[in-house]
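> how would this look folded up:
(one chain, ligands or ions: 2)
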Amino acid sequence: MNSDAALLLETVQFAAEKHRNQKRKDPEETPYINHPIGVARILSHEGGVTDIEVLQAALLHDTVEDTDTTPAELEAKFGVTVARIVQEVTDDKSLPKQERKRLQVEHAPHCSQQAKLVKLADKLYNLRDLNRCTPVGWTAERVQEYFLWASEVVKGLKGTNSALEKKLEELFKERGVQL
Ligand SMILES: Nc1nc2c(ncn2[C@@H]2O[C@H](COP(=O)(O)OP(=O)(O)O)[C@@H](OP(=O)(O)OP(=O)(O)O)[C@H]2O)c(=O)[nH]1
Ligand SMILES: [Mn+2]
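Numbers count the residues shown, from 1 in each chain. Ligands and ions are numbered 1, 2, ... in the order given. You can find the predicted model right below:
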């Protein structure tokens, strides 16, 4: 087997183990790991991304934010670059939600190109997921607010990947949100 394929399998196995007890917020309680796998798949199949470290970071992107995984653990297992990309896309969960959301908008333009790619694919996946079904407990207003906020983040990621940006723009247009 080629070493990139082996590395991706090692990475997806690690992420699946870390997220093993988590579910998405949809009514069917989809396994959480479907999301990071989908984000990596968007980058590879729709974004044309071949940078293995970006694909690994996509698979791992919610492990530090949402599980007991530490940045040091990622660095030891997957190297400094993958750990750094994940750190760049990790929200500080000790901050109030409004502040976290504001900081994503503020920080997006200053992220590395690799982190910007992961952020674009993360938003694309989550917006498509919102179109597929409404998370349990969310109102239509909250869904629309998420689209509005995501558009503010995506504005700061412009010029990163035209294919992904085009698909995001289409989703915003359907919601009457101007990018
Ligand atoms: N659309 C959708 N999202 C779900 C679902 N289940 C879990 N999520 C996650 O919920 C987050 C968005 O919900 P919010 O209420 O805005 O944020 P919060 O979970 O951090 O409080 C996303 O986190 P994230 O990936 O860290 O991204 P981000 O929104 O923080 O950028 C998304 O992955 C689902 O069924 N549908
Ligand atoms: Mn995510």
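
> extract the residue ranges of this structure that are flagged as low pLDDT.
1 (pLDDT under 70).

> need the residues of it near ligand 2, please.
Asp62, Asp122 (Cβ under 5 Å from the ion). (Glycine included, C-beta is placed from N, CA and C.)

> Tyr125 reaches His35, doesn't it?
Yes. The pair Tyr125 / His35 is scored as a contact, 6.3 Å apart, by Cβ atoms under 8 Å.

> so what sits against both of those two?
Counting by Cβ atoms under 8 Å, 6 or more residues apart in numbering, Tyr125 and His35 have no common neighbour.

> OK, contacts around Lys23?
Counting by Cβ under 8 Å, 6+ apart, Lys23 has contacts Glu29, Thr30, Pro31, Tyr32.

> dig out what it forms beta bridges with.
According to DSSP bridges, the partner residues bridging Lys23 are Pro31.

> before we move on, which element is the residue sitting nearest the centre point of the chain in?
In the chain, the residue lying closest to the centroid (Cα atoms, centre = their mean) is Asp122, at 2.7 Å. According to DSSP states H and E, Asp122 maps onto helix 113-132.

> hey, C-alpha coordinates of that helix in PDB?
In PDB, the C-alpha atoms belonging to helix 113-132 read as follows (Å, rounded to 0.1, in the frame of the first residue of the first chain):
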ATOM      1  CA  GLN A 113      -3.900  28.500   3.600                       C
ATOM      2  CA  GLN A 114      -4.000  25.000   4.900                       C
ATOM      3  CA  ALA A 115      -6.300  26.000   7.800                       C
ATOM      4  CA  LYS A 116      -8.400  28.100   5.500                       C
ATOM      5  CA  LEU A 117      -9.100  25.000   3.300                       C
ATOM      6  CA  VAL A 118     -10.300  23.000   6.300                       C
ATOM      7  CA  LYS A 119     -12.500  25.900   7.500                       C
ATOM      8  CA  LEU A 120     -14.100  26.200   4.000                       C
ATOM      9  CA  ALA A 121     -14.900  22.500   3.800                       C
ATOM     10  CA  ASP A 122     -16.100  22.400   7.500                       C
ATOM     11  CA  LYS A 123     -18.600  25.200   6.700                       C
ATOM     12  CA  LEU A 124     -19.700  23.600   3.400                       C
ATOM     13  CA  TYR A 125     -20.400  20.300   5.100                       C
ATOM     14  CA  ASN A 126     -22.300  21.900   8.000                       C
ATOM     15  CA  LEU A 127     -24.400  24.100   5.700                       C
ATOM     16  CA  ARG A 128     -25.300  21.200   3.500                       C
ATOM     17  CA  ASP A 129     -26.200  19.300   6.700                       C
ATOM     18  CA  LEU A 130     -28.500  22.100   7.700                       C
ATOM     19  CA  ASN A 131     -30.200  21.900   4.300                       C
ATOM     20  CA  ARG A 132     -30.600  18.100   4.800                       C
END
